[in-house]
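Student: how does the following fold in three dimensions:
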Amino acid sequence: MVRPSFTVLLPINRSPELLPFAVESVLKQSNADFELFIICDGAPDATVACAKGLAERHPQLRVFSFEKGERHGEAHRDLALREARAPLIAQIGDDDLWLPDHLAILGTLLESVDFGNLLQAELLTDGSIAVHIDDLADETTRQRMCSTPWNFFGPSVAGYRLSAYRSLPVGWSPAPPDVWTDLHMWRKFLRHESLTFGTSFSVQCLKLSAHSRQTVETADRAKENAPIAQALLDPRQRLIYQERAMKAVWQQLKEQYRVADADRTELRQAKDAAASNFKVTEERLLEENRRLEQQRLDQTSALVANFDAERQKLLHDVERLDRLRLDANSTLAEIKSSRSWAMTAPLRWIESKIERRKPR
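Tutor: Coordinates of the predicted model:
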């Protein structure tokens, strides 16, 4: 048996009205080298019968019927992948539609990376298209996915090498209650140090928004899907959807640029305000430094003036003492030269003798 290039997983757990549209979009792939596993997770009997009926008409299809598994039956996908024969793995939701080149472009991406995605385009109930943009090759993006409740693509636009999947310690398994099923699985790939990652910026899948149709019965949703699925078979209509998706990307990038430009303006204004405040503060500091310097100069001048005054007073006192000394010397000289001094000399001699004889 020839080995296919892709194994496609299609999990389902509800009634079968949407299933034929998803299967048909896989069967219309330009790369028809695939096997399609329809994995029934406790699906109604009508769904299992519908899947088996499709498989009878298309030998590429294989049906796995399981009892309802934990959470979204993730473990059933792991069991199915144990029987995968293709080297590459893709997946599609039963309420999503692939454009014909989806597998071809995903296969090109997986030639260079182990795990990657195409852009996810979502058709909203008002007819507009929302496209989630980011790049799995960016390490910051991968870190954000691993550390926060954030994801920018679902299983219908993801793909990975089977060898990469089998290198994981744990494959598809029930996610914790607070983590989305797909994000829980993506983190297992993203935390594997030896794997490579990338995004192809191509819209090849149309996701029909389930969040905005939660109150709509599956049969009514099938009626909505039918004309869209038919339109996507027309190359011109596909181009229109892709053009609208690219316009949505452009609008998103334009809005991001507007926000970034507003942020830059705000930062520039904050920078200018900070520079102005710095200048004012600098001028205040300079003025305060000048004031303090003048204060120090004034204090120094006062000290010098006080020192000079004290020095002048000391000099004046020294001059006065010198004059007194000179006057005293002059008076003593006059006394010693007088007749009285000469006449009393014998008395002073006798006095000195008596002083020397006094007991000590």
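Student: Three-state assignment for Leu136, please.
Tutor: Per DSSP: H, G, I helix; E, B strand; the rest coil, the local secondary structure of Leu136 is coil.
Student: meant to ask about Leu9
Tutor: With three-state DSSP as the basis, the three-state label of Leu9 is strand.
Student: quick check, it in contact with Glu35.
Tutor: No. With contacts counted by CB atoms under 8 Å, Leu9 stays clear of Glu35, the gap being 10.1 Å. (Glycine included, C-beta is placed from N, CA and C.)
Student: part of a helix, is Asn151?
Tutor: No. Assessed with three-state DSSP, Asn151 is coil; it does not lie in a helix.
Student: residue contacts, it?
Tutor: Contact criterion CB atoms under 8 Å, 6 or more residues apart in numbering gives 145, 180, 182-183, 186 as the residues in contact with Asn151.
Student: can you pull out the strands in this protein?
Tutor: Here the chain has its strands, by DSSP state E, at 6-12, 34-41, 61-66, 88-91, 96-98, 115-118, 120-123, 129-132, 158-161, 197-200, 205-208.
Student: which residues touch the fifth one?
Tutor: This points to strand 96-98. The set of residues external to strand 96-98 that reach it, using CB under 8 Å, 6+ apart, is 21-22, 25-26, 28-29, 92, 156, 204-208, 225, 228-229, 232.
Student: selecting buried members of those in ChimeraX, what would you type?
Tutor: Here the buried members of the contacts of strand 96-98 are turned into a ChimeraX selection, burial being counted by 16 or more other CB atoms under 10 Å:
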select :21,22,25,26,28,29,92,156,204,205,206,207,208,225,229,232
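Student: ok so, going back, which of the strands of the chain sits closest to Lys254?
Tutor: Judged by CB to CB, the one of the strands of the chain that comes nearest to Lys254 is strand 129-132, at 12.9 Å.
Student: direction included, what does that closest one pair up with?
Tutor: Here strand 129-132 is paired, per DSSP bridges, with strand 120-123 (antiparallel).
Student: run the chain-centre distance for the strand it pairs with.
Tutor: Using CA atoms, centre = their mean, to the nearest Å, the distance from the centre of strand 120-123 to the centre of the chain it belongs to is 25 Å.
Student: equivalent analysis for stretch 253-273, please.
Tutor: Averaging C-alpha coordinates over stretch 253-273 and over its chain gives two centres that are 18 Å apart (CA atoms, centre = their mean).
Student: please work out the average pLDDT along that stretch.
Tutor: Averaged over stretch 253-273, pLDDT sits at 83.
Student: do the same with stretch 276-296
Tutor: Stretch 276-296 comes out at a mean pLDDT of 84.
Student: run the chain-centre distance for that stretch.
Tutor: Taking the mean of its C-alpha atoms, stretch 276-296 sits 41 Å from the chain's own mean (CA atoms, centre = their mean).
Student: can you start the count at 783 instead of 1 from here on
Tutor: From this message on, residue numbering opens at 783, which makes the last subject stretch 1058-1078.
Student: pull the CA atoms of it into PDB?
Tutor: Taking Å, rounded to 0.1, in the frame of the first residue of the first chain, the C-alpha atoms of stretch 1058-1078 are listed here in PDB:
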ATOM      1  CA  SER A1058      11.500  70.000  30.200                       C
ATOM      2  CA  ASN A1059      11.100  69.000  33.800                       C
ATOM      3  CA  PHE A1060      14.800  68.000  33.800                       C
ATOM      4  CA  LYS A1061      15.800  71.300  32.400                       C
ATOM      5  CA  VAL A1062      13.700  73.200  35.000                       C
ATOM      6  CA  THR A1063      15.100  71.000  37.800                       C
ATOM      7  CA  GLU A1064      18.600  71.500  36.500                       C
ATOM      8  CA  GLU A1065      18.100  75.300  36.500                       C
ATOM      9  CA  ARG A1066      16.700  75.100  40.000                       C
ATOM     10  CA  LEU A1067      19.700  73.100  41.100                       C
ATOM     11  CA  LEU A1068      22.100  75.500  39.500                       C
ATOM     12  CA  GLU A1069      20.400  78.500  41.100                       C
ATOM     13  CA  GLU A1070      20.500  76.700  44.500                       C
ATOM     14  CA  ASN A1071      24.200  76.000  44.000                       C
ATOM     15  CA  ARG A1072      24.800  79.600  43.100                       C
ATOM     16  CA  ARG A1073      22.900  80.700  46.300                       C
ATOM     17  CA  LEU A1074      24.800  78.200  48.500                       C
ATOM     18  CA  GLU A1075      28.100  79.400  46.900                       C
ATOM     19  CA  GLN A1076      27.300  83.000  47.600                       C
ATOM     20  CA  GLN A1077      26.300  82.100  51.100                       C
ATOM     21  CA  ARG A1078      29.600  80.400  51.600                       C
END
